[in-house]
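>>> return atomic coordinates for the entry below.
(one chain, ligands or ions: 1)
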Amino acid sequence: MLFYGKEGIMAREKALIGIRLAGLSEGVHEFEFNCMAAEFGDPALSEAGFSEEVSVNVTVEKMEGEMIVTLKTFAVADLTCDLCLAPITAELNGSYRIFYSYEQANERDEEYRLIDRNTVSLDLTEDVRETLLLSVPMKVTCTDNPDCRVFHQEELGEPGEDRKPDSDWQESLEKLKNKYR
Ligand SMILES: [Zn+2]
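Residues are numbered from 1 along each chain as shown. So this is what the prediction gives:
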């Protein structure tokens with residue numbers, strides 16, 4: 001997808017996550033950002049469980065005709081178990097890579113975003129926000145909560161105390177069939 005002049009349209013005084021491109025030499029540059037999740041001003045982030053500090057590592061690879069920006073996010077999120085709704089605090093890592101081209105991209109290069117060679121600064125706030133949201137796992141379940149339904153199911157599947165040590169093989173097989181029915 002192409003985002004024509006997206007950075008130019010952003011008229012914010014100072015980007016939350018912004019890279020100054022003017023004067024940046026060719027090569028690899030690393031930037032670190034720390035901010036609070038609330039500073040993004042997006043209710044979706046708090047709904048997703050982000051309420052604490054967010055750390056962002058940005059690597060800019062500036063080359064002659066293109067630029068590659070790699071975002072890495074690290075944040076703690078308050079989630080809930082899908083099965084028992086117990087609160088879970090999880091450390092979430094996200095990453096995202098953006099390709100920028102100074103030239104008019106042709107159809108083959110549709111993954112490149114067009115950027116003006118003279119762009120002074122790059123606002124990555126929106127990309128970081130999306131990367132954070134994408135770092136939330138689709139499924140969340142307890143890992144150490146004995147009251148969780150996952151553990152209960154395992155317990156129910158285990159042989160009961162009435163199990164005879166020398167019960168014959170056929171009977172065990174029948175039990176097994178019932179167990180997984
Ligand atoms: Zn659970």
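
>>> and the helices in this protein, which stretches?
6-9, 43-47, 125-134, 149-157, 169-179 (DSSP state H).

>>> same for the second one, what does it pack against?
Going back to what we said before, that points to helix 43-47. helix 125-134 (3 or more CB pairs under 8 Å, 6 or more residues apart in numbering; DSSP states H and E). The way it works is simple: take the backbone N, C-alpha and C, and place the C-beta from them, glycine included.

>>> now the helix it packs on: mean pLDDT?
Averaging pLDDT along helix 125-134 gives 97.

>>> ok now it, how far from the chain's centre?
Computed by CA atoms, centre = their mean, to the nearest Å, the separation of helix 125-134 from the middle of its chain amounts to 8 Å.

>>> residues in contact with it: which ones?
15-18, 33, 37, 40, 42, 44-45, 48, 50, 54, 56, 71, 73, 75, 92, 94-96, 98 (CB atoms under 8 Å, 6 or more residues apart in numbering).

>>> of those residues, which count as buried by neighbour count?
Neighbour-count burial (16 or more other CB atoms under 10 Å) applied to the contacts of helix 125-134 gives 15-18, 33, 37, 40, 42, 45, 48, 50, 54, 56, 71, 73, 75, 92, 94, 96, 98.
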